[in-house]
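Colleague: When you get a sec, could you give me coordinates for this:
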Amino acid sequence: QVQLVESGGGSVQAGGSLRLSCAASGRSFDSDTMAWFRQAPGKGREFVTSISGHTTDYADSVKGRFAISKDNANYIVALQMSSLKTEDTAVYYCARARGYWNPRHSRRENIYDRWGQGTQVTVSS
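Modeller: I've put the predicted structure just below:
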């Protein structure tokens with residue numbers, strides 16, 4: 001059974017950078033779709049980015065600032081966040097969906113069957 005553990009969250013000033021990591025254990029995830037979602041205080045969970053094979057997708061709010069990468073050899077999915085804004089403050093969740101999904105579908109929460117516990121990112125002005 002796949003387990004996902006996020007790390008790398010913390011507090012940073014606006015304009016700064018953070019790198020989140022999601023370590024997967026239990027099985028290889030070469031052919032899986034991996035994603036990051038986030039949930040800000042008082043709001044619902046929202047899609048941030050996904051990677052499926054060599055295809056990546058980003059929410060408009062993070063495009064050009066965030067980058068997702070997948071290290072199949074070490075079972076790690078990373079999220080490099082740059083030019084952080086106060087509105088990026090949220091709990092960030094890593095998620096796994098079995099198989100390949102195109103961007104049209106990879107934004108849907110219901111395709112993901114494994115979720116991490118979340119890591120807090122706080123951006124201050």
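Colleague: can you give me the helices in the protein?
Modeller: Taking DSSP state H as the test, the helices found in the chain are 103-106.
Colleague: Can you pull up the most central residue in it?
Modeller: When C-alpha atoms, centre = their mean is applied to the chain, the residue found nearest the centroid is residue 36 (2.0 Å).
Colleague: How about that one, nearest residue that isn't a chain neighbour?
Modeller: Of all residues not flanking residue 36 in the chain, residue 48 sits nearest, at 4.3 Å (C-beta to C-beta, 6 or more residues apart in numbering). Placement of C-beta: from N, CA and C, glycine included.
Colleague: where does the one you found land on pLDDT?
Modeller: Note on residue 48: pLDDT of 98.
Colleague: Identify the residues contacting it.
Modeller: 35-38, 58-59, 62, 66, 79, 92 (C-beta atoms under 8 Å, 6 or more residues apart in numbering).
Colleague: just residue 47 next, same as before
Modeller: Shown in contact with residue 47 (C-beta under 8 Å, 6+ apart): 35, 37, 59, 107, 109.
Colleague: re earlier: if I look at the residue nearest to residue 36, how far off is residue 39?
Modeller: Going from residue 48 to residue 39 by C-beta to C-beta, to the nearest Å gives 10 Å.
Colleague: Tell me how far the residue lying closest to residue 62 once chain neighbours are set aside lies from residue 25.
Modeller: Among residues not flanking residue 62 along the chain, residue 48 sits closest, at 5.8 Å (C-beta to C-beta, 6+ apart). Distance, residue 48 to residue 25, by C-beta to C-beta: 22 Å.
Colleague: Residue 97 now?
Modeller: Per C-beta to C-beta, residue 97 is found 17 Å from residue 25.
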